[in-house]
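*Asks:* From the sequence below, what's the structure:
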Amino acid sequence: MNTKTTNSGPLRDESPPSDALRDWGGPAEMSAFEAVMWLAEADPRMRSTVTCVLVLDRAPDWDRVVAGHERMVNAAPRLRQRVMEPALGAGLPQWVDDPDFMLDYHLRRQRLPQAGTDRQLLDLAQNLAMTPFDRVRPPWEGTLVEGLEGDRAAYIFKLHHVLSDGIGIVQLLSHAMSTTRTSRGLAAGSAAHGRRAVSPARLAAANLGQGMRRWPAAGAGSFATAVASITGLLRKPDGLKQAWDYIGSAGRVLKGQTARGSPILRQRSRNWRFDTLQVPLPELKAAARAAQASLNDVFLAGLVGGFHRYHAAMGVKLGQMPIAFPISLRAEGDAAGGNRFTGAHYAAPVAEPDPLARIAHVRQFVRQARQEPALDIVLRLSPLMARMPGAVLGALAGRMTKTQDAQISNVPGFSQTMYLAGAKVLQIWPLGPAPGCAVMIGMLTYDGTCGIGLTSDRAAVTEPELLAQCLLEGLNEVIALASVQPDPARNVPARRRRDAARKGAPASLRRSH
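*Replies:* Numbering: from 1, shown residues only. Take a look at the predicted model:
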C-alpha cells in the first residue's frame, strides 16, 4: 500500500481503481433528450446548471484538492470534453476532446468576505450558478471557498445538466470523496490521450457521410422491421388493444394533470436565489412508515402543505398548483452519469388540509404514473424536438416549463460520513436549475439528514424567506404524523391527525439562513 504523510497522517490508497468512471457520461453522441436541454438554452432562462454545495469542517489542503481533481478528470474522460454542435444541424451534438483543456480554468479558489456566513456562501453559489458556461470548454467548474464562519470551508461543484442527472452526479461524487480523512479518493491513473481537434464542419461531414452509407440498407431495414413489428403485434390476441393502450397512455402522459398556475408565481426572470432546509432522515422515514407510504410520497406531500401555507400568508386562496417531478428510468447495467429520467406533471392538492389525505393523493398519482405504458413518450419525441432551431426549441420549452409552479426532485445520496481531500463533509445542498419554473426543490440524503435546496426565480417568489419557512412547516406537519399511533380498531379522526401534525417543529428540524 502506498502512503504519504500529511498533517492528518499518512494518505492511503484505499479507493476504487481509476477506470471506475471511464464510461461516466455515456456515449460520445448526446441523447436527443440531452440535446434538447443543450439547444434550448438559446433562451437564457432555460439554462440547466446544477450546483452542489458541500460544507466542510475545515479548509482542505489545496494541493490535495488539485491532486484529487487531476485523478478525477483522468478517470472520467467526459470531464475533459466539450460539446460540439455539427454545422447546419447535421446530427446531434457530440462530446469531443478539448485540446486546450486546462484544469486551472475549471478549478478555482476564493475566500468569503467577513463574517463568512452561510447566507454569503449561498449568495456566492447562486451567482456562480447564474454565470453561463463557456460553451467551448467542458461545462463544469469546482470552487473551494474558504473563510466560512466557525473555521469551516465549502466546495461548490457546478456542472451542466447534460453531463448527468442527480443520480449520476452522486455516482461521480462518491468516487471523488472518501470515507476517511486519510484516503485519497480515486486511485491515480494516466491521462487520456487527446485526439485530433474536430471542427463543426468536419463533424457534420462525418455524420452526413455515415448517414449516406447506412441509408439504403438502414432505411429499407427500418421500414421492413416496422412493418413486421406492427404485423406481429396485430396478430397477437391483444395486439390491437396494446397499441391502443399505448396511444391513450401517451395522451395522458403528455397532457399530465392540468391545473392553473398560482397567480403570485407567474412572473419569470433570469435571476435565482438559493435557500436551504434540513430535515432529519430517521424522522421522515418514521412518518413514511406511519402513513404507509414512501419517503418520496411524504416529502412531496409536506412540500404541498408548505405551498398552502405560503399562499395563505400571501392572502391567496389556491385549490391546486401544477408541479413536475422526475421519474428515473435507470436500469441495472446502465452506464454511470448521463440522463435517464422522464417527467410527471401533477395537479397538487394544496387546499387539502389533512396531511394523510395529501400523502394518499400523492401516492396514488405516483403509482399510476409509473405504470403508464407510454412513460417514455417524451424521450421518444426528443429526436424530433432536437431537430428544431435553438430559438424555436427554447421558446417551446420555455412555454412548457413556465406553466409549472414548481419542480421537485429527490435523490438518494450517502448513508455515511464522507471526506473531501481530508476535510469532513458536514452537509450537502443540492441546488438544481429553475429552467422556466417558479421554484426548483431538490433533496439529497446524507449521513442521516435530508439536505433540501431551493432555487427560486426572484420575480416569481417575492418572499423567499417566507416560502422557506412555510415549506419547513409543511415538512414538520408530515413528520409529526409519526407521533400519532394508529388505532387498529378504528381510523384516527382527521381532526386529531391535523392537531398532532401542527404542533411545534422538532428541535432537530432546521433552516439555513
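*Asks:* For the stretch 401-513 of the chain, just list every one of the strands.
*Replies:* 406-414, 419-420, 423-431, 439-446, 449-457, 510-511 (DSSP state E, counting those that start in this stretch).
*Asks:* low-confidence ranges in the chain?
*Replies:* 1-18, 88-90, 185-257, 333, 335, 341, 372-401, 484-513 (pLDDT under 70).
*Asks:* my guess is Thr117 meets Arg152, correct?
*Replies:* No: counting by C-beta atoms under 8 Å, Thr117 does not reach Arg152; the two are 10.8 Å apart. C-beta coordinates here come from the backbone N, C-alpha and C atoms, glycine included.
*Asks:* neighbour count winner among these two?
*Replies:* Arg152 (21 against 15; other C-beta atoms under 10 Å).
*Asks:* For that one, list each beta-bridge partner.
*Replies:* Beta-bridge pairing for Arg152 (DSSP bridges): Leu148.
*Asks:* surely it meets Val53?
*Replies:* No: Arg152 is beyond contact range of Val53, at 11.9 Å (criterion: C-beta under 8 Å).
*Asks:* Tell me how this protein divides into domains.
*Replies:* 3-202, 216-252, 255-410+437-511 (automatic domain parsing).
*Asks:* nearest to Leu420, of these?
*Replies:* domain 3-202 (5.3 Å; C-beta to C-beta).
*Asks:* Tell me which of the domains of the chain sits nearest to Val425.
*Replies:* Nearest of the domains of the chain (C-beta to C-beta): domain 3-202, 5.3 Å.
*Asks:* Dump the strands of the stretch 401-513 of the chain to CSV, plus mean neighbour count and distance to Ala331.
*Replies:* Compiled in CSV, the strands of the stretch 401-513 of the chain are given as follows (neighbours: other C-beta atoms under 10 Å; distance: least, C-beta to C-beta, whole Å):
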stretch, mean neighbour count, distance to Ala331
strand 406-414, 21, 16
strand 419-420, 22, 30
strand 423-431, 23, 23
strand 439-446, 25, 22
strand 449-457, 25, 26
strand 510-511, 16, 37
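*Asks:* okay if I get the ones you listed as TSV plus distance to Met314?
*Replies:* Shown next, in TSV, are those (distance: least, C-beta to C-beta, whole Å):
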stretch	distance to Met314
strand 406-414	15
strand 419-420	40
strand 423-431	24
strand 439-446	14
strand 449-457	14
strand 510-511	19
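*Asks:* Need the phi and psi values for the residue nearest to Gly338 when sequence neighbours are not counted.
*Replies:* Leaving aside its sequence neighbours, Gly338 sits nearest to Gly26 (C-beta to C-beta, 6 or more residues apart in numbering; 3.7 Å). The phi and psi values for Gly26, taken as degrees, to the nearest 10, are phi 90, psi -160.
*Asks:* doesn't Cys52 make contact with Ala129?
*Replies:* No: look at Ala129 against Cys52 with C-beta under 8 Å: they stay out of range, at 10.4 Å.
*Asks:* Quick check: neighbours shared by the two?
*Replies:* 158, 431 (C-beta atoms under 8 Å, 6 or more residues apart in numbering).
*Asks:* Who has more neighbours out of those two?
*Replies:* Just comparing Ala129 and Cys52: by other C-beta under 10 Å the higher neighbour count belongs to Cys52, 25 against 22.
*Asks:* just checking, that one is part of a strand?
*Replies:* Yes: according to DSSP: H, G, I helix; E, B strand; the rest coil, Cys52 belongs to a strand.
*Asks:* does it really touch Ile169, like I thought?
*Replies:* Yes: the pair Cys52 / Ile169 is scored as a contact, 6.7 Å apart, by C-beta under 8 Å.
*Asks:* tell me, how many neighbours does Pro282 end up with?
*Replies:* Under the criterion other C-beta under 10 Å, the count of neighbours that Pro282 has is 11.
*Asks:* Same check on the one 10 residues further on?
*Replies:* Around Gln292 there are 12 other residues, counting by other C-beta under 10 Å.
*Asks:* Val298 versus that one, what's the distance?
*Replies:* To Val298, Gln292 is 10 Å away according to C-beta to C-beta, to the nearest Å.
*Asks:* Make a markdown table out of the domains of the chain and add distance to Met418.
*Replies:* Converted to a markdown table, the domains of the chain look like this (distance: least, C-beta to C-beta, whole Å):
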| stretch | distance to Met418 |
| --- | --- |
| domain 3-202 | 4 |
| domain 216-252 | 41 |
| domain 255-410+437-511 | 7 |
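*Asks:* for stretch 339-357, how far is the first residue from the last?
*Replies:* Start and end residues of stretch 339-357 are separated by 33 Å (C-alpha to C-alpha, to the nearest Å).
*Asks:* brain fart, stretch 438-455
*Replies:* End-to-end for stretch 438-455, by C-alpha to C-alpha: 9 Å.
*Asks:* again, but for stretch 124-140
*Replies:* 16 Å.
*Asks:* Tell me the backbone dihedrals of the residue lying closest to Trp140 once chain neighbours are set aside, please.
*Replies:* Counting by C-beta to C-beta, 6+ apart, the nearest residue to Trp140 once its immediate chain neighbours are dropped is Leu159, at 3.9 Å. Dihedral angles of Leu159 (phi, psi; degrees, to the nearest 10) stand at phi -150, psi 160.
*Asks:* I'd say Glu85 and Pro93 touch.
*Replies:* Yes: at 4.8 Å, Glu85 counts as touching Pro93 under the criterion of C-beta under 8 Å.
*Asks:* any idea which element Ser174 lies in?
*Replies:* helix 166-176 (DSSP states H and E).
*Asks:* packing partners for that helix?
*Replies:* Applying 3 or more C-beta pairs under 8 Å, 6 or more residues apart in numbering; DSSP states H and E, one finds that helix 166-176 contacts strand 49-56, helix 62-75, strand 406-414, strand 439-446.
*Asks:* How about residues contacting that helix?
*Replies:* For helix 166-176, the external contacting residues (C-beta under 8 Å, 6+ apart) are 15-16, 20-21, 24-25, 50, 52, 68, 72, 75-76, 157, 159, 164, 185-186, 326, 328, 330, 336-340, 409, 411-414, 420, 430, 432, 442, 444.
*Asks:* Filter those down to the buried ones.
*Replies:* Those of the contacts of helix 166-176 that meet the buried threshold are 15, 20-21, 24-25, 50, 52, 68, 72, 75-76, 157, 159, 164, 185-186, 326, 336-340, 409, 411, 413-414, 420, 430, 432, 442, 444, by 16 or more other C-beta atoms under 10 Å.
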